[in-house]
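# My questions are about this predicted structure, shown below with the sequence.
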Amino acid sequence: MIPRPQLFSDLSASSVLTSGVTVSGDLVDPVRTALAGLDPLPGDSGEIDVRRDPALGEEAYRLTTGSRGVEIVAGGPAGAFYAAQSLRQLLPPASFRFSAGASWPIPGVRIEDAPRFAWRGLHLDVARHFFPKREILRLIDLMALHKLNRLHLHLVDDQGWRVESPAYPLLHEVSSHRPRTATNFHREPESYDDLPHGGYYTLDDLAEMGAYARSRHVTIVPEIDVPGHASAILAAYPAFGVTGEPYDVLDRWGISPAILSPLPPTVEFLTTIFDEIIGALGETPFVHIGGDEVVLDHWAESAEIGAYRDSLGLESVNDLQAWFLRRLADALAERGARAVVWDEAFVSGRLRQDTVVMPWRGMGVGRRAAAAGHDVVATPVFPLYFDYAESSSPDEPMAIGDATTVEDVAAFEPAPADWTEEERARVLGVQAQLWTERVPDARTVDYRLWPRACALAEVAWSGTASPGFDGRLTEHLARLDALGVEYRPAAGPHPWQRRRPHRPGRVPVTEVMARIDAMTYDAESTRPSL
Ligand code: ACM
């Protein structure tokens, strides 16, 4: 099974699970949702019996299968859901296919299980390339199978805005598409595909995605990345910028100087957007507000913003950025949501104490955030940026750099042993990022995510990849085959998965990380440090 349960023992007596199986007890619904392919029915004395034990953690469960049927004891709905996910993985891989009137053997086992980390996340950049609602619902199902529970959607960047806005309709009308997209590799002469690209989620889509995710114990974490990465917003509403100059939705990659103004109308605009998104998604405990790669030059050059900064008694544009993000985090707190930020925002300072920090530039800055008392979700480029190729081969589809293998992910330690106990206790969990500059479609999403996200799931649930991971992964791939997941085969891509050839060795991920590690985190600069 993936992720591997804490305790797993074989029992001698096996049984059979048949389509139309009855489920009884305290927590029927989550089990029926997880086993939907078996058309489970509620019943008074079911073949699957689910009891709640408040002594267990919300996500913890015990699962016993044998001649007396299936017994689940769970701490709460999430635990019952995960017990049923484990039960699914006890059935043959063919059970992951639709088949009417199915009947599957279940081996006798006893499992006791609970997650090591509360935040078991995947990030998907739907701004650089848009992935429609159906892909998000499918991804939520795949996450649930792997007991992953946070889906971080990067909803805006220079290259696109991805949500309907009744209050600011030019966002979905103008900011949501671009006429063409860059196809060149890193720092090569620019080339373009001359194909329009775009799309956005309506508020009805968001509502559906939020409800679908909740029923699968996945929390959607929407990201409105500000104040940088603002070309798409400014293409629609240049008045929220600094210079008033016209902008286009960007058709190429890299860090742009487009930045929102920190003045009150921008804060009002963003809080209206928060209200729209939270109102649609439903219960939203976390909202990511970005704070990464901000070029502050326009703020430094503006007399109006300088005067505003002086009026606030702030010394530098960095202080002003910190103040701006703090105001947004306060507005989110009023709406019942905790802010999440990339690590630059921690370096700028002044975060609310309850703001969650994602250290993408490495675990060094993550440790500093943890030592300062912030909850941290481990997100370092290596090995958790899945836009890096899986191997250094030109057969790989074009990636930003190379290489991050399944083994690299499996070896990752979200709460390093050499941190203090207090620092380790601040690690909420771990999350992989899929930036999509070079991920143009859903088939390539499958390739880049799987099976590296299987290793992520194991680390997130168990704290570390457990013994026998390789063998279990080989068995697990048969489940992904049955589900139609176009994962990367261990031997390398199928011919049709090669696409535009990768350029091996041009951006080695280990060199990128060494460069970041050697960096001083300079809160005075007006330029991003990577
Ligand atoms: C990031 O990679 N700029 C978060």
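In hand now; what should we look at? Numbering: from 1, shown residues only.

# Which residue would be the closest one in this structure to the ligand?
Going by Cβ to the nearest ligand atom, the ligand is nearest to Asp292 of the chain, at 3.9 Å. No exception for glycine: its C-beta is placed from N, CA and C like everyone else's.

# tally of neighbours for that residue?
If you count neighbours by other Cβ atoms under 10 Å, Asp292 ends up with 18.

# Next, see if the worst-scoring helix or strand of the chain on mean pLDDT gets close to the ligand.
Of the helices and strands making up the chain, the lowest-confidence element is helix 509-518, at a mean of 85, by mean pLDDT, DSSP states H and E. No - taking Cβ under 6 Å from any ligand atom as the criterion, helix 509-518 and the ligand are apart, separated by no less than 10.6 Å.

# which of the residues in that helix are buried?
Of the residues in helix 509-518, those buried by neighbour count under the rule 16 or more other Cβ atoms under 10 Å are 509, 512-513, 516.

# quick one: that helix to chain centroid distance?
23 Å (Cα atoms, centre = their mean, to the nearest Å).

# Alpha carbons of it, in PDB - could you do that?
As requested, C-alpha coordinates have been extracted for helix 509-518 and formatted as PDB (Å, rounded to 0.1, in the frame of the first residue of the first chain):
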ATOM      1  CA  VAL A 509      18.600  21.500  -9.600                       C
ATOM      2  CA  THR A 510      21.500  20.800  -7.200                       C
ATOM      3  CA  GLU A 511      23.300  23.900  -8.500                       C
ATOM      4  CA  VAL A 512      20.200  26.000  -8.100                       C
ATOM      5  CA  MET A 513      19.900  24.900  -4.500                       C
ATOM      6  CA  ALA A 514      23.600  25.500  -3.800                       C
ATOM      7  CA  ARG A 515      23.200  29.000  -5.200                       C
ATOM      8  CA  ILE A 516      20.100  29.600  -3.000                       C
ATOM      9  CA  ASP A 517      21.900  28.200   0.100                       C
ATOM     10  CA  ALA A 518      24.800  30.500  -0.400                       C
END
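
# Just list what it packs against, helices and strands only.
Using 3 or more Cβ pairs under 8 Å, 6 or more residues apart in numbering; DSSP states H and E, the elements in contact with helix 509-518 are helix 381-384.

# Does the helix it packs on pack against any helices or strands, and if so which?
Counting contacts by 3+ Cβ pairs under 8 Å, 6+ apart, helix 381-384 is packed against helix 406-410, strand 427-434, helix 509-518.

# Swap in 7 Å and give it another go.
For helix 381-384, the packing partners by 3 or more Cβ pairs under 7 Å, 6 or more residues apart in numbering; DSSP states H and E come out as strand 427-434, helix 509-518.

# could the ones you listed go into JSON lines alongside distance to Arg452?
Putting the helices and strands packed on helix 381-384 into JSON lines (distance: least, Cβ to Cβ, whole Å) gives the following:
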{"stretch": "strand 427-434", "distance to Arg452": "7"}
{"stretch": "helix 509-518", "distance to Arg452": "13"}
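
# Among those, which comes closest to Leu320?
Leu320 sits nearest to helix 509-518 of all the helices and strands packed on helix 381-384, at 25.0 Å, using Cβ to Cβ.

# Contact residues of the stretch 151-300 of the chain facing the ligand?
Contact residues (Cβ under 6 Å from any ligand atom) of the stretch 151-300 of the chain with the ligand: 292-293.

# May I have the secondary structure class of Asp330?
In the three-state summary, Asp330 is assigned as helix, counting by DSSP: H, G, I helix; E, B strand; the rest coil.

# Now it: closest residue in space that isn't a chain neighbour?
With Cβ to Cβ, 6 or more residues apart in numbering as the measure, Arg352 is the residue that lies nearest to Asp330, at 6.9 Å, once sequence neighbours are left out.

# In a helix, that neighbour, correct?
No - read with three-state DSSP, Arg352 is coil and lies in no helix.

# my guess is it meets Arg326, correct?
Yes - in this structure Arg352 lies within contact range of Arg326 using Cβ atoms under 7 Å: 6.4 Å.

# what about the helices in the stretch 151-300 of the chain?
Assigned by DSSP state H, counting those that start in this stretch, the stretch 151-300 of the chain shows helices spanning 170-173, 203-215, 231-236, 264-281, 297-301.

# Throw the ones you listed into TSV and include distance to Ser391, mean neighbour count and mean pLDDT, thanks.
Putting the helices of the stretch 151-300 of the chain into TSV (distance: least, Cβ to Cβ, whole Å; neighbours: other Cβ atoms under 10 Å; pLDDT from 0 to 100) gives the following:
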stretch	distance to Ser391	mean neighbour count	mean pLDDT
helix 170-173	39	19	98
helix 203-215	32	18	98
helix 231-236	33	26	98
helix 264-281	37	18	98
helix 297-301	39	18	97
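
# Could you export these as a markdown table, including distance to Val16?
As requested, those are exported to a markdown table (distance: least, Cβ to Cβ, whole Å):
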| stretch | distance to Val16 |
| --- | --- |
| helix 170-173 | 51 |
| helix 203-215 | 27 |
| helix 231-236 | 54 |
| helix 264-281 | 40 |
| helix 297-301 | 67 |
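
# pLDDT score for Gln522?
No Gln there; residue 522 is Asp. Note on Asp522: pLDDT of 66.

# ugh, wrong one, Pro107
Predicted confidence (pLDDT) at Pro107: the value is 96.

# OK, contacts around it?
Counting by Cβ atoms under 7 Å, 6 or more residues apart in numbering, Pro107 touches 10, 14, 65, 90.

# pLDDT-wise, what's the bottom of the residues you listed?
Per-residue confidence over the contacts of Pro107 reaches its minimum at Ser14, where pLDDT is 87.

# Tell me which of the contacts of Pro107 fall in helices.
Cross-referencing the contacts of Pro107 with the helices (criterion: DSSP state H) gives Leu90 as the overlap.

# Now for the contacts of Pro107, which sits with the most neighbours around it?
Note: the member of the contacts of Pro107 with the most neighbours is Thr65, at 24 neighbours, neighbours being other Cβ under 10 Å.

# and Ile111, what does it touch?
Remark: with contacts taken as Cβ under 7 Å, 6+ apart, Ile111 is in contact with 5, 7-8, 62-63, 86.

# swap in Gly46?
Contacts of Gly46 were listed using Cβ under 7 Å, 6+ apart, and they are 22-24.

# Look up which residues are beta-bridged to Arg62.
Applying DSSP bridges to Arg62 yields these beta-bridge partners: Val73, Glu112.

# and it, how far is that from Asp49?
Between Arg62 and Asp49 the distance is 12 Å, computed by Cβ to Cβ, to the nearest Å.

# Leu332 too?
Note on Leu332: its distance to Asp49, by Cβ to Cβ, is 41 Å.

# So for those two, which residue has more residues nearby?
Leu332 (25 against 21).

# contacts for the host helix or strand of Val23?
Secondary structure from DSSP states H and E places Val23 in strand 22-25. The contact list for strand 22-25 (Cβ under 7 Å, 6+ apart) reads 31-32, 40-51.

# Might you calculate how far whichever helix or strand comes after that strand sits from the centre of the chain?
Moving toward the C-terminus from strand 22-25, the first helix or strand encountered (DSSP H and E) is helix 28-34. For helix 28-34, the gap between its own C-alpha mean and the chain's C-alpha mean amounts to 24 Å (Cα atoms, centre = their mean).
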